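>>> structure of the sequence below:
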Amino acid sequence: MAKELYRKYRPSTFEDVVGNETAIKSLKKELKNGSHVFLMTGPAGCGKTTLARIMAKEVGAGDLSIREINSAENRGIDTAREIMEQMSFMPTDGNASVWILDECHQMTPANQNAFLKPLEETPDHVYFFLCTTDPQKLIAPLKTRCSVVNVKPLNDEEMKILLKRVVKSEDKKMGSEVYEKIIELANGGSRKALKLLAKVLYLDCDEERLESLKSEDVSEDKDAIELCRALLGKTNFNSCMKLVSTIDVSEPERVRMLVLSYMNSVLTKGFNEKAAAAMQAFGQNTTFNNGKFQITIALLDYFSLLSE
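A predicted model of the protein is given here:
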């Protein structure tokens, strides 16, 4: 249900978007100035890809001419080479060809360098939208070729507008305390807010909704704490991966910070080899923005450190 609500109310035009007026104005301005390459920055779930999709329609791309690539899964230089080859062809649907590169900071430095040429030699019918939660990991020459647009999380007032719009459209009613709790848990992320709303909207009363949200508030921490305890006990990689599969990693950075905080509290009481290894493994990246992918890498690093 959460996924269905989120997809159902995903904005398809700029008029549908709540908040981020500055980002929308910037996109329109840079497009008018002739830009074909945009770098969309902002935290996970704030609407970067949604705005990129709307922009794709604005420049005249049909659905078949909009290609969305997960950069974490397509990190090599072959991706850039394939795009270079496809750029020379005219679009088969609409008047423009658009590539949306999600989590572009996950590309290897070699792949980022390989993208410099296509970004420089963009034909009139081609547009690129690079979306990232961590622009610091992008090489400088790539960033200088882009029009940078910062997409911000929704503030509390904007979030309430979005939630009330959806509740009204679903012909439901909900009390102010429930709205406030969802806003608190969502932390500015519209995607997470709609997922939370979908979990409670169809319950019978506000008391049930608040109780459900209360359990939602602690469930992710509880599962992550179980992972921490496993790392400090007698465990192996496979056992830890089973625990990871139960964790809601829609906010992987929150999981990482909890692990670091837990291990730090252990180390303040005295040196612990396993806690130290976990601190090193989970502290190697400045942020976790790619869900279980990066948690798995951290676990591999952790067990590698213990085996040295």
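>>> give me the below-cutoff pLDDT ranges for the stretch 1-150 of the chain.
Residue ranges of the stretch 1-150 of the chain with pLDDT under 70: 1-3, 72, 74-76.
>>> how about the strands in it?
Here the stretch 1-150 of the chain has its strands, by DSSP state E, counting those that start in this stretch, at 37-41, 66-70, 97-102, 126-132, 147-150.
>>> nearest to Ala276, of these?
Among those, strand 126-132 comes nearest to Ala276, with 31.0 Å by Cβ to Cβ. For the C-beta atoms, the positions are set from N, CA and C on the backbone; glycine is no exception.
>>> for that closest one, packing partners?
strand 37-41, helix 48-58, strand 97-102 (3 or more Cβ pairs under 8 Å, 6 or more residues apart in numbering; DSSP states H and E).
>>> contacts for it?
Under the contact criterion Cβ atoms under 8 Å, 6 or more residues apart in numbering, strand 126-132 has outside partners 36-41, 48-49, 52, 55-56, 59, 61, 87, 96-105, 118-119, 122, 138, 142, 146.
>>> tell me which stretches of the chain form helices.
Assigned by DSSP state H, the helices in the chain fall at 2-8, 21-32, 48-58, 77-87, 109-120, 140-144, 156-169, 176-186, 190-200, 206-232, 237-244, 252-267, 273-282, 292-307.
>>> check which residues of the shortest one are buried.
The neighbour-count criterion (16 or more other Cβ atoms under 10 Å) identifies 142-143 as the buried residues of helix 140-144.
>>> ok, and what's touching that helix?
The contact list for helix 140-144 (Cβ under 8 Å, 6+ apart) reads 39, 112-113, 115-116, 119, 130, 135.
>>> stretch 27-41: how far from the chain's middle?
21 Å (Cα atoms, centre = their mean, to the nearest Å).
>>> let's see that stretch as CSV, backbone CA atoms only.
Extracted as CSV, the C-alpha positions of stretch 27-41 are listed here (Å, rounded to 0.1, in the frame of the first residue of the first chain):
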residue,chain,number,x,y,z
LEU,A,27,15.5,24.6,-13.4
LYS,A,28,13.3,26.7,-15.6
LYS,A,29,15.9,29.5,-15.7
GLU,A,30,18.8,27.2,-16.6
LEU,A,31,16.7,25.5,-19.2
LYS,A,32,15.8,28.9,-20.8
ASN,A,33,19.5,29.8,-20.8
GLY,A,34,20.2,26.7,-22.9
SER,A,35,21.5,24.2,-20.3
HIS,A,36,21.3,20.5,-21.2
VAL,A,37,23.0,19.1,-18.1
PHE,A,38,21.6,19.4,-14.6
LEU,A,39,23.0,18.3,-11.3
MET,A,40,20.2,17.7,-8.7
THR,A,41,21.5,17.6,-5.1
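>>> list the buried residues of that stretch.
Those would be 27, 30-31, 35-41, for stretch 27-41 by 16+ other Cβ under 10 Å.
>>> of the helices of the chain, which approaches Glu68 most closely?
Using Cβ to Cβ, the nearest of those to Glu68 is helix 48-58, at 7.3 Å.
>>> that older thread, a markdown table for the helices and strands packed on strand 126-132, including distance to Ser190?
Below are these laid out as a markdown table (distance: least, Cβ to Cβ, whole Å):
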| stretch | distance to Ser190 |
| --- | --- |
| strand 37-41 | 15 |
| helix 48-58 | 8 |
| strand 97-102 | 16 |
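>>> between these, which one is closest to Lys192.
Short answer: helix 48-58, nearest of the helices and strands packed on strand 126-132 by Cβ to Cβ, at 13.8 Å.
>>> ramachandran angles for the spatially most central residue of the chain?
Central residue of the chain (Cα atoms, centre = their mean): Ala44, 3.2 Å from the mean position. When read as degrees, to the nearest 10, the backbone of Ala44 gives phi -60, psi 140.
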